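Chemist: give me a model of this one.
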Amino acid sequence: MCRLPQHRENDDVPVSKPGRPDVARVEGTTVKLKWTPPQSTEGVAIIGIVIKYGVQGSDDEEFITEMVDQNTTSHTLSRDQLKPQTSYIFAVAAVTEAGQGPFSDFSECVQTNTG
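Modeler: Here you go, the predicted model:
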């Protein structure tokens, strides 16, 4: 299991984590993820999402984080970001102007296909 970044104690960051990402579609090395937003943001607007992903079984330092500059509940990672025939896991965190909230639980492992 990967180590996740620690949640900062700050009243303006989301206090709950988003729902665990589900893989909505895999086409070649493109993966579309969907998740539910955090149940509580204490009334603070979400301005972005951080997606954390990596190869199943890798050390946390090898995982990649990507900022999505919008409040969304889905995102597509493309062939430029993912390798073919590779098993990945994904987690998401909500971001407010004050900072990042806790990461969701990791998704089920998903394997990309050939290009």
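
Chemist: from here on, contacts and neighbour counts on C-alpha atoms
Modeler: Noted.

Chemist: in its sheet, what does the longest strand along the chain sit against?
Modeler: Ranked by number of residues, the top strand in the chain under DSSP state E is strand 87-96. Here strand 87-96 is paired, per DSSP bridges, with strand 48-55 (antiparallel), strand 99-100 (antiparallel), strand 110-111 (antiparallel).

Chemist: what about the closest residue to T96 other than its chain neighbours, neighbour count?
Modeler: Closest residue in space to T96, ignoring its immediate chain neighbours: I46 at 4.7 Å, by C-alpha to C-alpha, 6 or more residues apart in numbering. The burial count assigned to I46 is 23, neighbours taken as other C-alpha atoms under 10 Å.

Chemist: relative to T86, how far out is I46?
Modeler: 31 Å (C-alpha to C-alpha, to the nearest Å).

Chemist: run a quick neighbour tally on Y88.
Modeler: Count around Y88 with other C-alpha under 10 Å applied: 22.

Chemist: wait, doesn't it sit right on Y53?
Modeler: Yes: Y88 lies in contact with Y53 (C-alpha atoms under 8 Å); the separation is 6.7 Å.

Chemist: coming back round to it: which among the strands paired with strand 87-96 is found nearest to R25?
Modeler: strand 110-111 (10.0 Å; C-alpha to C-alpha).

Chemist: adding mean pLDDT, mean neighbour count and distance to E42, write the strands paired with strand 87-96 out as TSV.
Modeler: Below are the strands paired with strand 87-96 laid out as TSV (pLDDT from 0 to 100; neighbours: other C-alpha atoms under 10 Å; distance: least, C-alpha to C-alpha, whole Å):
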stretch	mean pLDDT	mean neighbour count	distance to E42
strand 48-55	94	21	16
strand 99-100	88	20	13
strand 110-111	94	19	33
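
Chemist: what about these, which gets the closest to V31?
Modeler: Among the strands paired with strand 87-96, the nearest to V31 by C-alpha to C-alpha is strand 110-111 (8.7 Å).

Chemist: can you list contacts of the closest one?
Modeler: Applying C-alpha atoms under 8 Å, 6 or more residues apart in numbering, the external contacts of strand 110-111 come out as 23, 85-89.
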